[in-house]
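In: the sequence and its predicted three-dimensional model are supplied below.
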Amino acid sequence: MQAALVAAGIFLSRVLGLVRESLKARYLGATDGVVADAFNAAFRIPNLLQNLFGEGALSASLIPVYADLLARGDREEADRVAGAIGALLALLTAVLVLLGVWSAPLLVDVIARGFEGERRDLTVALTRILFPGAALFVLSAWCLGILNSHRRFFLSYAAPVAWNGAMIAALVMYRDRAPAAIAINLAWASVAGAGLQFLVQLPVVLRVAPALRASLGRGNARVREVVRNFVPAFFSRGVVQINAYIDQLIASYLPIGAVSLLFYGQTISLLPISLFGMAISAAELPEMSSAGNVATAAPHVRKRLQDGLERMAFFVVPSAVAFLLLGDVIAAGLYQHGRFTAADTRYTWGILAAASVGLLASTMGRLYSSAFYALRDTRTPLRFAVVRVLLAGGGGWAAAMYLPAALGVAPVWGAAALTLTSAVAGWVEFLLLRSQMSTRIGPTGLPYRLTLTLSGAALLAGGVAVALKAGLSDANRVGAAVAVLGAFGGLYVALTAAVGNATALATLRRVRALIG
């Protein structure tokens, strides 16, 4: 139930996120101009703060301590710890925002070194506008950690609806202006939406944690524990983000549009990771963290980990097959209108097909990391994340820069080669995480029979969907996407339910309950 609440909140925010990206593609395009590249590159730079200090690192360090205090009945101490962490985050991010606004030209030269002239200048201007929003996102993540520990899952994951809504409103209001003006107004709307995302959560936070007080937590052993756990989690999260920024840096040397295509493709490919990987991981972290003594928590953690992996796989395996076989339908239905061309759709499909290779590994890796965090181990995920980044960075440069020429295709296909390398590196990280966890709590992982069942059902449903796709007209791309993906999903659930898969049967029960 908790994972369903997280998934529902994420689903609402991600649906609006797809609407936002669809409108952005319509008005800014991809390969036909510099504005889309500038905005998408600038959008990533201040988000480094959000991703470093935000949900991943903060959840890994705050939730195990905070949830444990709540489980012990010490609510006042829990609120003192949360108040101190909130104050420390606010102080630190305020300083970093000021530094980021001042050093925006240097940051752009580091993260998007291949940008020159108008593309670079616009990226610098947009980065300076967007940076304050990053601090507001960090405070939103602090709210999420508190709410999740109190099992208030829906609001914290639905709160980005306010942020997406603000950006969608800006795109609609300023759609008739020049692309550069649209981008500037969209950046301001992002900052305003980040403020709304924080403010909609704050009243509930103050209600569930009435003893919150702003302080620096000097002398508090629990605050020191959170900070001590935060440091390796921060670097672990940072290493993963470095991978994303390395991808962007490499893509900036590819032809105009590669940065935007990579962004649009990742927006889609991250959807199942967010909906299922994040939903299940977020719901399981406080449950695994409340198991009591870390030394005796192994059986409890193993059971919850194993159940979570099997539920994840049911949804992620067909997602990967859909990206591989039906990525053109997905990209065309979402993006192909206005300035986004049919060629852009083909490039996006290539990126989605490459992402499908590592989708299952990336999703399950999130749950394994949560299990390590529940066991108060934030260092093991860091070590393996470093391995992933080294593999993805070195291999990504070679693949993006040289593989298209070796295959005789356009250089912009380097974005897909880059994504494929990251997918392979994701598998290496996942296998390392699984191996280390299995030595600590016993064998874990997907049963082979379940893997074969889900893969076979997804491929069979995908074959039917491909045949249906071939018989539909391109005139109504959105209608075609709904028909093809609906048939694919329906057949997959029917096939897995026919063989008695528990998650499929539970899904059908929920659908029947909703219908009537």
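Out: Cool, got the structure.
In: could you look up the SS state of Ile256?
Out: Taken by DSSP: H, G, I helix; E, B strand; the rest coil, the conformation at Ile256 corresponds to coil.
In: ugh, wrong one, Gly219
Out: Classified using three-state DSSP, Gly219 is coil.
In: for Arg175, same thing?
Out: coil.
In: run through the helices of the stretch 251-400 of the chain in chain order.
Out: 258-272, 279-289, 298-335, 342-356, 359-374, 379-407 (DSSP state H, counting those that start in this stretch).
In: figure out which of the ones you listed is closest to Gln436.
Out: Nearest of the helices of the stretch 251-400 of the chain to Gln436, taken as C-beta to C-beta: helix 379-407 at 5.7 Å. Yep, even glycine has a C-beta here, placed from its N, CA and C like the rest.
In: least reliable of the helices of the stretch 251-400 of the chain going by mean pLDDT?
Out: For the helices of the stretch 251-400 of the chain, mean pLDDT drops lowest on helix 279-289, to a mean of 68.
In: how close does Ser156 get to Leu249?
Out: 32 Å (C-beta to C-beta, to the nearest Å).
In: number of residues surrounding the closest residue to Gly395 other than its chain neighbours?
Out: For Gly395, ignoring the flanking residues on the chain, the nearest one in space by C-beta to C-beta, 6 or more residues apart in numbering is Thr421 at 4.3 Å. Residues lying near Thr421 (other C-beta atoms under 10 Å) number 26.
In: let me see the contact set for Thr421.
Out: Contact analysis of Thr421 by C-beta atoms under 8 Å, 6 or more residues apart in numbering lists Leu391, Ala392, Gly395, Gly396, Ala399, Ala400.
In: quick check, nearest of those residues to Ser435?
Out: Closest approach to Ser435 among the contacts of Thr421 (C-beta to C-beta): Leu391, at 16.2 Å.
In: skipping adjacent residues, who's closest to the closest one in space?
Out: Of all residues not flanking Leu391 in the chain, Ala425 sits nearest, at 4.1 Å (C-beta to C-beta, 6+ apart).
In: contact partners for Val205?
Out: Val205 makes contacts with Cys143, Ile146, Leu147, Leu212, as judged by C-beta under 8 Å, 6+ apart.
In: ok, which of the helices of the stretch 251-400 of the chain comes nearest Ser22?
Out: If you check each of the helices of the stretch 251-400 of the chain against Ser22 by C-beta to C-beta, helix 298-335 wins as the nearest, at 5.1 Å.
In: buried residues in the closest one?
Out: Within helix 298-335, the residues that count as buried by 16 or more other C-beta atoms under 10 Å are 300-302, 304-306, 308-335.
In: what's the answer for stretch 404-424, then?
Out: Using 16+ other C-beta under 10 Å as the test for burial, stretch 404-424 gives 404, 412-424.
In: what do you get for stretch 491-500?
Out: Leu491, Tyr492, Val493, Leu495, Thr496, Ala497.
In: nearest to Arg113, of those?
Out: Closest approach to Arg113 among those (C-beta to C-beta): Tyr492, at 43.1 Å.
In: give me the neighbour count for the nearest residue to that closest one once chain neighbours are set aside.
Out: Ranked by C-beta to C-beta, 6+ apart and with sequence neighbours excluded, the top spatial neighbour of Tyr492 is Ala461, at 4.2 Å. Ala461 is flanked by 24 other residues according to other C-beta under 10 Å.
In: can you check the distance spanned by stretch 203-212, start to finish?
Out: With C-alpha to C-alpha, to the nearest Å applied, stretch 203-212 spans 12 Å between its terminal residues.
In: now for the residue lying closest to Met288 once chain neighbours are set aside, how many residues are close by?
Out: Of all residues not flanking Met288 in the chain, Ala374 sits nearest, at 3.5 Å (C-beta to C-beta, 6+ apart). If you count neighbours by other C-beta under 10 Å, Ala374 ends up with 27.
In: and if you look at Ala192?
Out: Here the number of neighbours of Ala192 (other C-beta under 10 Å) works out to 17.
In: quick check: it touching Ala166?
Out: Yes: in this structure Ala192 lies within contact range of Ala166 using C-beta atoms under 8 Å: 5.2 Å.
In: related to what we said a few turns ago, more neighbours, Ser156 and Leu249?
Out: Higher neighbour count among Ser156 and Leu249: Ser156, with 28 against 20, using other C-beta under 10 Å.
In: list the helices and strands the host helix or strand of the more buried one packs on?
Out: Under the criterion of DSSP states H and E, Ser156 resides in helix 153-158. With contacts defined as 3 or more C-beta pairs under 8 Å, 6 or more residues apart in numbering; DSSP states H and E, the packing partners of helix 153-158 are helix 2-28, helix 117-149, helix 179-208, helix 279-289.
In: could you redo the last one with a cut-off of 6 Å?
Out: Under the contact definition 3 or more C-beta pairs under 6 Å, 6 or more residues apart in numbering; DSSP states H and E, helix 153-158 sits against helix 2-28.
In: what is whichever helix or strand comes after the helix it packs on packed up against?
Out: Following helix 2-28 in sequence order, the next helix or strand is helix 35-44 (DSSP H and E). For helix 35-44, the packing partners by 3+ C-beta pairs under 6 Å, 6+ apart come out as helix 117-149, helix 179-208, helix 258-272.
In: who's in contact with helix 35-44?
Out: Defining contact as C-beta atoms under 6 Å, 6 or more residues apart in numbering, one finds that helix 35-44 is touched by 28-30, 112, 119, 122-123, 126-127, 130, 179-180, 183, 248, 259-260, 263.
In: what about that helix, distance to the chain center?
Out: Between the mean C-alpha point of helix 35-44 and the mean C-alpha point of its chain there is a distance of 18 Å (C-alpha atoms, centre = their mean, to the nearest Å).
In: between that helix and helix 179-208, how many degrees?
Out: Using axes from the mean of the first three to the mean of the last three C-alpha atoms, to 10 degrees, the direction of helix 35-44 lies 30 degrees away from that of helix 179-208.
In: in the helix or strand Gly462 falls within, what's buried?
Out: Using DSSP H and E, Gly462 maps to helix 448-470. Buried residues in helix 448-470, defined by neighbour count with 16+ other C-beta under 10 Å: Leu450, Thr453, Leu454, Ser455, Ala457, Ala458, Ala461, Gly462, Ala465, Leu468, Lys469.
In: now tell me what touches that helix from outside.
Out: Residues outside helix 448-470 that contact it (C-beta under 6 Å, 6+ apart): 313, 317-318, 321, 325-326, 329, 484, 487-488, 491-492, 495-496, 499.
In: which two of those residues lie the greatest distance from each other?
Out: Every pair of these checked by C-beta to C-beta; the farthest is Val329 and Val499, at 26.7 Å.
In: what about the residue nearest to Tyr492, distance to Phe488?
Out: Remark: distance between Ala461 and Phe488 (C-beta to C-beta) = 5 Å.
In: before we move on, the earlier item: pick out the most distant pair among the buried residues of stretch 404-424.
Out: Using C-beta to C-beta, those reach their maximum pairwise distance at Val412 and Val424, which is 20.8 Å.
In: still on that earlier bit, adding distance to Phe384 as columns, could you present the contacts of Val205 in JSON lines?
Out: JSON lines is the format used below for the contacts of Val205 (distance: C-beta to C-beta, whole Å):
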{"residue": "Cys143", "distance to Phe384": "29"}
{"residue": "Ile146", "distance to Phe384": "29"}
{"residue": "Leu147", "distance to Phe384": "29"}
{"residue": "Leu212", "distance to Phe384": "35"}
